[in-house]
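**Q** sequence? don't have it. structure:
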């Protein structure tokens, strides 16, 4: 087939907004990071050559490798087109780009949110197709290019949807399929969806049907769902032990009247709900700590604004200068209010004996103490762990609490890039990557994280996962549990001993997951039979092992095995043969 031209990329004008990686650099492969495909990955890829598929496999089973294998196939047979790998968040662009570069000879190009894709014209997109074989981008960028008419799906040979369960309602994934893919009569790209859970939210009504939800996703992606039997996957992916970590019901502690009044002030109104929630869930002392976190956060924003204003004062217009002054005045008011609230609350807690210098645990809720006891009990077994919380300020506050209660634990926070919820700032991608790398290097033992750590990010296998706040849905349940992939792993859901509604929801989630697996099971069993027969029936087995100068392989090992067995158990007329299975070979 025609090879992609690399020389053309060098002659492009400087005005071109596309920032290319030099071809020589892209050809460098890291052999240590290269993944050898497993048999089931190769087989699922062979199925995806001929039909649109949604591959449902647990976290850590290597779904991306199936995409890499399929991309290599389409990169060879449809060389005039491009493979597009869609990732739902910007943080995954660089991660998946590295996976493709390390595991394929394909020329890979990536576009993240700040790369100026909005300025790309038709010529820019055409040059990407001409010079590269794989493009890794977020779905909104592709959708915008399709809407503008600067790019067409007919130019795509394979369209891969990572975390394809996000193909719902008004999502860019769904818009791409409905507004563009479905309107194509010819030259439709092959579709590959990847997910650990095709079903998300569980509705509490009798009409909710797992099978119907899977079928809806199949219709949206015009694809068929495939999975593998658990007995195959369990050879490659460990499943953690699920436990409910119960704690004693919390006796409500009345908030001081001045705190209730202060929370109604306009200047800090957006922080009031989260502070009240922290008082109720984490305890009065935690509320004091979170106010300090907010104070530090606002102070940093103020200092940054002052520094920015002084730097740009010579070139700023009068309107921008006025806006900066207004923002600075607002931040000063918030800082003053938080300082007064913090001082008043500290005096109140000391006066009411709700905190005690001699007892560092006093003032925290039963739930926080239960988490402390849980971590302490498993500390010797914890290899690396994640505590999932709902909001950024919860992560920040719990991190500071454990820095005080358990300084030797080595903890950090990992939060998302969106702007939802008050409190500490979103983390930039560079900050996320730095924390994840430090976590990999064992500089931190525990991460306090929002749901950003549930899926996608290249977080190392953990053996200790705790859901501190209520689990949200089935997808969240499955994805967060999938982070515990070590051989001896633990997955805890924290619940008040009297919270029967939550305990019932947990039971329902477990049942719904079983129902979902059952829906996939019959097809998976047929797939196993088909896999075994088709993959190995006409395959020449050449695996061999050298041992002290003797070469043993599948073909010559039977006589050796028979001789060894006869020496142990003398029996006449024995016949040995190999049965070929999805995971290897069984001698019987």
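**A** Everything's here; your move. The shown structure was predicted, so the numbers you read here are calculated from the model rather than taken from an experiment.
**Q** which residues does residue 335 contact?
**A** 295, 298, 299, 302 (Cβ atoms under 8 Å, 6 or more residues apart in numbering). Glycine gets a C-beta too; all of them are placed from N, C-alpha and C.
**Q** Filter those residues down to the buried ones.
**A** Among the contacts of residue 335, those scoring as buried are 295, 298, 302 (criterion: 16 or more other Cβ atoms under 10 Å).
**Q** now the residues you listed in CSV, with distance to residue 476?
**A** What follows is those, written out as CSV (distance: Cβ to Cβ, whole Å):
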residue, distance to residue 476
295, 32
298, 31
302, 36
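**Q** The residues you listed in strands, which ones?
**A** Using DSSP state E, no member of the buried ones among the contacts of residue 335 falls in strands.
**Q** I'd like to know which of these is nearest to residue 443.
**A** residue 295 (27.2 Å; Cβ to Cβ).
**Q** List the contacts of the closest one.
**A** 335, 338, 339, 342.
**Q** Could you tell me how many residues sit around the last one?
**A** Think residue 342. 17 (other Cβ atoms under 10 Å).
**Q** thinking again about what came up before, among the buried ones among the contacts of residue 335, which one sits closest to residue 123?
**A** Proximity of the buried ones among the contacts of residue 335 to residue 123 (Cβ to Cβ) peaks at residue 302, which lies at 45.7 Å.
**Q** What distance do you get for the closest residue in space to residue 249 that isn't next to it in sequence to residue 167?
**A** Once flanking residues are discounted, residue 249 sits nearest to residue 498: 4.9 Å by Cβ to Cβ, 6 or more residues apart in numbering. Look at residue 498 and residue 167: by Cβ to Cβ, to the nearest Å, they are 39 Å apart.
**Q** what's the straight distance from one end of stretch 78-90 to the other?
**A** 27 Å (Cα to Cα, to the nearest Å).
**Q** ignore the last one, stretch 187-197
**A** 29 Å.
**Q** I'd like the distance from the helix or strand residue 271 falls within to the chain centre, please.
**A** Residue 271 belongs to helix 269-281 when assigned by DSSP states H and E. The chain centre lies 28 Å from the centre of helix 269-281; the measure is Cα atoms, centre = their mean, to the nearest Å.
**Q** Can you give me the buried ones in it?
**A** Residues 271, 272, 274, 275, 277, 278, 279, 280, 281 are the ones in helix 269-281 that count as buried (16+ other Cβ under 10 Å).
**Q** Got the phi and psi for the residue nearest to residue 249?
**A** Main-chain torsions, residue 498, degrees, to the nearest 10: phi -110, psi 10.
**Q** Could you count how many residues lie near it?
**A** For residue 498, using other Cβ under 10 Å, the count is 11.
**Q** cool, and the one 3 residues further on?
**A** Neighbourhood size, residue 501 [other Cβ under 10 Å]: 10.
**Q** tell me which element it is part of?
**A** helix 500-536.
**Q** Now do that helix, average pLDDT.
**A** Confidence for helix 500-536, expressed as mean pLDDT, is 73.
**Q** can you check stretch 198-207 too?
**A** Stretch 198-207 shows a mean pLDDT of 66.
**Q** So residue 244 sits against residue 493, correct?
**A** Yes: applying Cβ atoms under 8 Å, one finds residue 244 in contact with residue 493, separated by 5.5 Å.
**Q** quick one: which of these two has more around it?
**A** Neighbours were counted for residue 244 and for residue 493 using other Cβ under 10 Å; residue 493 has more, 24 against 13.
**Q** got the contact list for the helix holding residue 271?
**A** Contacts to helix 269-281, defined as Cβ under 8 Å, 6+ apart, come from residues 250, 252-253, 255, 259, 263-264, 286-287, 290-291, 294, 365, 367, 391, 393-394, 397, 421-423.
**Q** Check stretch 172-190 too.
**A** Contacts of stretch 172-190 (Cβ under 8 Å, 6+ apart): 48-49, 52, 70, 74, 81, 84, 86, 88, 138-140, 142-143, 146-147, 153-154, 156-159, 161, 164, 166-168, 191, 220-222.
**Q** Among these, the buried ones, what's the ChimeraX command?
**A** Selection of buried members from the contacts of stretch 172-190 for ChimeraX, criterion 16+ other Cβ under 10 Å:
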select :48,52,70,74,81,84,86,88,138,139,140,142,143,146,153,156,157,158,159,161,164,166,167,191,220,221
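**Q** In helices, which of the contacts of stretch 172-190 fall?
**A** With helices taken from DSSP state H, the overlap with the contacts of stretch 172-190 comprises 48, 70, 74, 139, 140, 142, 143, 146, 147, 220, 221.
**Q** ok, so of those, who is nearest residue 377?
**A** residue 139 (43.2 Å).
**Q** Touching, the closest one and residue 86? I think so.
**A** Yes: if you go by Cβ under 8 Å, residue 139 and residue 86 touch, sitting 4.8 Å apart.
**Q** Now list whatever residues contact both of those two.
**A** Contacts common to residue 139 and residue 86, judged by Cβ under 8 Å, 6+ apart, are 161, 173, 176.
**Q** how much space is there between the residue nearest to the second one when sequence neighbours are not counted and residue 211?
**A** Closest residue in space to residue 173, ignoring its immediate chain neighbours: residue 167 at 4.0 Å, by Cβ to Cβ, 6+ apart. Distance, residue 167 to residue 211, using Cβ to Cβ: 17 Å.
**Q** what's the answer for residue 224, then?
**A** 14 Å.
**Q** same deal with residue 222?
**A** For residue 222, the distance to residue 211 - Cβ to Cβ - is 18 Å.
**Q** Just the pLDDT for the residue nearest the centre of the chain.
**A** Geometric centre of the chain, nearest residue: residue 455, 1.7 Å, by Cα atoms, centre = their mean. Per-residue pLDDT puts residue 455 at 80.
**Q** wait, what's in contact with the nearest residue to it once chain neighbours are set aside?
**A** With Cβ to Cβ, 6+ apart as the criterion, residue 455 has its nearest non-adjacent residue at 4.6 Å, and that residue is residue 479. Neighbouring residues of residue 479 by Cβ under 8 Å, 6+ apart: 59, 196, 197, 454, 455.
**Q** Surely the last one is in contact with residue 197?
**A** Right, residue 455. No: using Cβ under 8 Å, residue 455 is not in contact with residue 197; the gap is 9.1 Å.
**Q** hang on, the earlier thing: element containing the residue nearest to the centre of the chain, please.
**A** Under the criterion DSSP H and E, no helix or strand holds residue 455.
**Q** Please report the number of neighbouring residues for residue 350.
**A** Neighbours of residue 350 (other Cβ under 10 Å): 12.
**Q** Residue 242: which element?
**A** Going by DSSP H and E, residue 242 is in strand 241-247.
**Q** And the next helix or strand after that strand, how far out from the chain middle?
**A** Sequence-wise, the next helix or strand downstream of strand 241-247 (DSSP H and E) is helix 257-262. Remark: helix 257-262 is offset 40 Å from the chain centroid, using Cα atoms, centre = their mean.
**Q** Which neighbouring elements make contact with helix 257-262?
**A** helix 318-351 (3 or more Cβ pairs under 8 Å, 6 or more residues apart in numbering; DSSP states H and E).
**Q** Select the helix or strand of this protein having the lowest average pLDDT value.
**A** helix 23-26 (a mean of 34; mean pLDDT, DSSP states H and E).
**Q** picking that back up, closest one to residue 235 out of the shared contacts of residue 139 and residue 86, please.
**A** residue 161 (26.8 Å).
**Q** can you redo the contacts of residue 295 as a markdown table with distance to residue 104 and pLDDT?
**A** Listed next are the contacts of residue 295 as a markdown table, based on distance: Cβ to Cβ, whole Å; pLDDT from 0 to 100:
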| residue | distance to residue 104 | pLDDT |
| --- | --- | --- |
| 335 | 52 | 91 |
| 338 | 52 | 91 |
| 339 | 56 | 91 |
| 342 | 55 | 92 |
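**Q** TSV for these, including distance to residue 324?
**A** Formatted as TSV, the contacts of residue 295 follow (distance: Cβ to Cβ, whole Å):
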residue	distance to residue 324
335	16
338	21
339	22
342	26
